[in-house]
Structures are given as C-alpha cells and as structure tokens.
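J.: just the structure for this:
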Amino acid sequence: MHLLTIARISLRQHRVSSAVAALALAVGVALLLTVTALREQTQARFTQVGLGVDALLGPKGSPLQIVLNALYHLEDMPGTVPWPLFTAVKQHPAVADGFALVTGHSYSGVRVNAVETRFLAKFTWKPDTRFALAQGRLAEARHEAVAGAEAAVRLGITPGFRFCPVCGVDPGDPVHDQDHITITGILAPTGTPHDRVIYLRLEDFYTLGGHGSATGAMADDPAHRTISGAYLVLRRIRGGGYHPAIQDLQYQLQQSPQAQVVLPAETLPKLLSIIGWVDRVLAAIALVVAALATALLTLALLASLRERRRDLALLRALGAGRRTILGLILLQALVISLAGLTVGLALGQGLLVIGCGILRAKTGLVFDPWTWTTAHSLLLPLVPLVGVGAGLLPALQAYRLPLLDTLTAPHA
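T.: Numbering: from 1, shown residues only. All right, here's what the predicted structure looks like:
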C-alpha cells in the first residue's frame, strides 16, 4: 500500500485530534499574519512622504494632536495661530511655501476644512503631483466648495449638491443653517486622508453666519485673522535633506507663546512607539497559540501511535523498514501542518480585509490586505518545519518500536 494512502487512512481514523491540532495551528498563523501585516502597513503609511507636507505650523499644544488633526482629520486643533505670524513664517529662509487652513467644521461626520483657494491648485500631495478634478470645477466664488473623492462617495455628493456646514465635529453641534454651500467639483482619488475632506474657501469660513462680527471682520482684515495652522513646504538642500535653517525656525517659535513648527516625520514614529506594545502583545499571544498547537500536534501523533502500534508492527512484518515507519509519522505531521497553514492563511487574509477596511475608514489611508509581508515569507517555510519537528518524537518512538514484543502483546 502506498505511503500516502496509509497516511490518509490514519488521519481519517484520527480526524478529530488531527483537526483540532490543525485548527489551533491555523489560529496562530492567522494572528501572526494579521498582526505583522497591519503593523508593517501602519508604519509605512503613517511615515510616508506622500502627503506632501514637510512641516506643520500649529498652535501651542500637543504636536501629535496637531499632526492628527491637520493631516489625518482626527482630534481637534488645540488653538489658533495669528495670520501675521503665518505670513512671517512663509518668508523664513527654510520655508518654500505655506498653505493656511482652518479646521473644526463638519457635515454628516465628514470634516469640512477651510483652505486657501490656491491650495487645491498649487499643493503637491506627492512629488510633482497636484490635485486633479474627477468632476466639475474648483471653488471660485462665495459659498462654493470641493469634495474629496472618499467624502463624495460616503455622502453621495455630485457637483451641484448643497449643504449647511456644522460648527463643530460632534453630534449636536450647531448648524450654519443660513449658509448653503454648493459643491462645484469632486477631486480625483489620491489614496491619502486628503480624500476624506470637503474643502471650503478660507474667505467663506470667516463670513459663515453665527461666527460673530469679530470673526466676520477677519475676512476683510487679515492682520486680525486667525487660522488653525498651515501646511509648510520646506526648502531642500543637495541630497534632498531639509534646509538647516528649519532648526532655527523651530527654536524661534519655541520661544513664542503663539505657535510651533511640527515635523510629522519626527512626531509619528513617537506615536508608533507608544502604541507598539499592542502588536507585541498580540504577536506574543499568537506565538503562544502556535506553541500550544505544536504541542497538540505532538500529542495527537503520540495518541495515534499508541492506538496503531500493532498496525505499524504488522507493516514491519510485511516488509516495511524502520525508515518507512519514520517517514509515515513525519508525513502525517507535515499534512496536518500544511492544512493548518492553508486554513490560517485564508483566515488571516479575511482578518486583514476587515482590519484594512477599518483602518482606512478611520485614517483615510489606503491599506492593502493583499500585500506580501515578512509574515508570509517566514510562515510558508517555517510552519511545515515546525510541523515536522512536532512529529519527530512520535516518529522516533515508531522507529524504535519492538516488532516481536508488539505482535505478541495481548490486545488492550
């Protein structure tokens, strides 16, 4: 009888214990794959240079809060920045350009940010790439706005859509019910958080009803205008590094009670280091599950060996060698481990699809559940090896099985 046939019959006879071992292994594989893939993509997406923002001008407060609000449209901005300070920063030798923004408004859960008109025409969200229109035109007149691609899909927006913005981002915040904003265009997708926003003209923000006369006066008098912050594009030196004068600018603003310059490339890694313990704990849990699965596999094969001692002895008596018996046990271990690997990869891929969808909804960044990760490269060869390793002890016991004593021993 062929070795594969014998192994299949044995696995079928002990299908419950074999299935439990394979399932436990699959859970460990799925957890390791999910944790590793999400960690790698999170680090890559949150530290990418594809948002087009070298630095942020923001009010005094938490640098992380400023980055999350300005770049990822989460949290609230901790204060405001005077317009004259912004114009002074734009003239600094380290700064190539700057784009003012005002945050804090929304519509049906989508952020409504006010930006300078030239932001959508001049800003490069990745090198040599500016925003493009998928439909309509840019906002040019009062009470006109442009929607990001994801915001448009989420709200079912098309050019000509009208809405009243909410003065705030929380449920129950007051509505500017006298101000009807018309969407004039839909931006083409960028795969960044820029897609999640409706962009209002900065001048319109100051004239929205309910802001009061002091805010309304800012529309005509920039000297008294305040903004939430600004996207800064820094000058580069040979080799692509930031102009060294950026350190002087940061130091100058550290002494100021009004604002600060935040470098996302420095701030976001701190966030990842703070929350890094979460994926380490999950990875540890996955490793424990995988270790338990290996132990279960060993116990399942040992139990199978005890029940089949006489059958294996008969195989020996019919001419099968010790190496054949050894190979039979190792083959069973390999089949179980491959089954666990296959199910685990499928389960992990399903978890990745769900996890990437949640992260995209929360951050606006594109997470690809089908990206090849280091987990794939490690698990594909490692799991079969671990399975074979788990089968070594039962295989050695079968190899050393005494033929005569086993055949002459009474049935249990």
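
J.: isn't Ala132 up against Pro189?
T.: No. Applying CB atoms under 8 Å, one finds Ala132 not in contact with Pro189, separated by 9.4 Å. All C-beta spots, glycine's among them, are computed from the backbone N, C-alpha and C.

J.: which of the two has more residues huddled nearby?
T.: More neighbours surround Pro189 than the other of Ala132 and Pro189, with 16 against 10 (other CB atoms under 10 Å).

J.: what helix or strand is the more buried one on?
T.: If you go by DSSP states H and E, Pro189 is not part of any helix or strand.

J.: any idea how far it lies from Phe367?
T.: According to CB to CB, to the nearest Å, Pro189 stands 15 Å off from Phe367.

J.: please verify my assumption that Phe99 contacts Glu116.
T.: Yes. Between Phe99 and Glu116 a contact is recorded at 5.5 Å, counting by CB under 8 Å.

J.: thought Leu208 was touching Asp179, still the case?
T.: Yes. Counting by CB under 8 Å, Asp179 sits close enough to Leu208 to count as a contact (5.1 Å).

J.: now do the shared contacts for the two.
T.: Pro165 (CB atoms under 8 Å, 6 or more residues apart in numbering).

J.: now Thr342, what's its secondary structure?
T.: helix (DSSP: H, G, I helix; E, B strand; the rest coil).

J.: give me the neighbour count for it.
T.: Thr342: 14 neighbours (other CB under 10 Å).

J.: which pLDDT does the model give it?
T.: pLDDT, Thr342: 92.

J.: mind listing what it touches?
T.: Thr342 neighbours (CB under 8 Å, 6+ apart): Ala26.

J.: what's the answer for Asp195, then?
T.: Gly148, Ala149, Glu150, Ala151, Leu187, Pro189, Gly364.

J.: what's the most distant pair in those residues?
T.: Spatially, the most separated pair among the contacts of Asp195 is Leu187 and Gly364, at 12.7 Å (CB to CB).

J.: so what sits against both of these two?
T.: His194, Asp195.

J.: tell me the mean pLDDT over stretch 281-290?
T.: 74.

J.: show me the strands in the protein, by range?
T.: In the chain, the strands defined using DSSP state E lie at 55-58, 81-82, 95-107, 110-115, 124-126, 129-130, 133-136, 144-147, 162-163, 181-187, 198-201, 226-227, 229-234, 260-262.

J.: what's the distance between the longest one and the middle of its chain?
T.: Between the mean C-alpha location of strand 95-107 and the chain-wide mean there is a distance of 25 Å, by CA atoms, centre = their mean, to the nearest Å.

J.: swap in the second one?
T.: On the basis of CA atoms, centre = their mean, strand 81-82 is displaced by 33 Å from the centre of the chain it belongs to.

J.: quick one: strands adjacent to it?
T.: Strand 81-82 has these partner strands in its sheet, going by DSSP bridges: strand 226-227 (antiparallel).

J.: average pLDDT for the partner strand?
T.: The model assigns strand 226-227 a mean pLDDT of 94.

J.: please give me every residue in contact with the residue nearest to Pro369 when sequence neighbours are not counted.
T.: In space, Pro369 comes closest to Leu352 once its chain neighbours are excluded; the distance is 3.8 Å by CB to CB, 6 or more residues apart in numbering. Leu352 makes contacts with Leu33, Thr34, Ala37, Leu38, Pro369, as judged by CB under 8 Å, 6+ apart.

J.: ok, of those, which one's closest to Gly348?
T.: Nearest to Gly348, judged by CB to CB, of these is Leu33 at 3.4 Å.

J.: can you get me a residue count around the closest one?
T.: 23.

J.: so that it lines up with my notes, have the first residue be 826 from now on.
T.: Will do, 826 is the new start, and the previous item becomes Leu858.

J.: contacting residues around it?
T.: By CB under 8 Å, 6+ apart, Leu858 lies in contact with Gly1169, Leu1170, Gly1173, Gln1174, Leu1176, Leu1177, Thr1198, Ala1200, His1201, Leu1204.

J.: pLDDT value on the nearest residue to the fifth one once chain neighbours are set aside, please?
T.: Just to be clear, that refers to Leu1176. Counting by CB to CB, 6+ apart, Thr859 is the residue found nearest to Leu1176 once chain neighbours are left out, at 4.4 Å. With respect to pLDDT, Thr859 scores 85.

J.: Thr859 reaches Val1178, doesn't it?
T.: No. Using CB under 8 Å, Thr859 is not in contact with Val1178; the gap is 10.2 Å.
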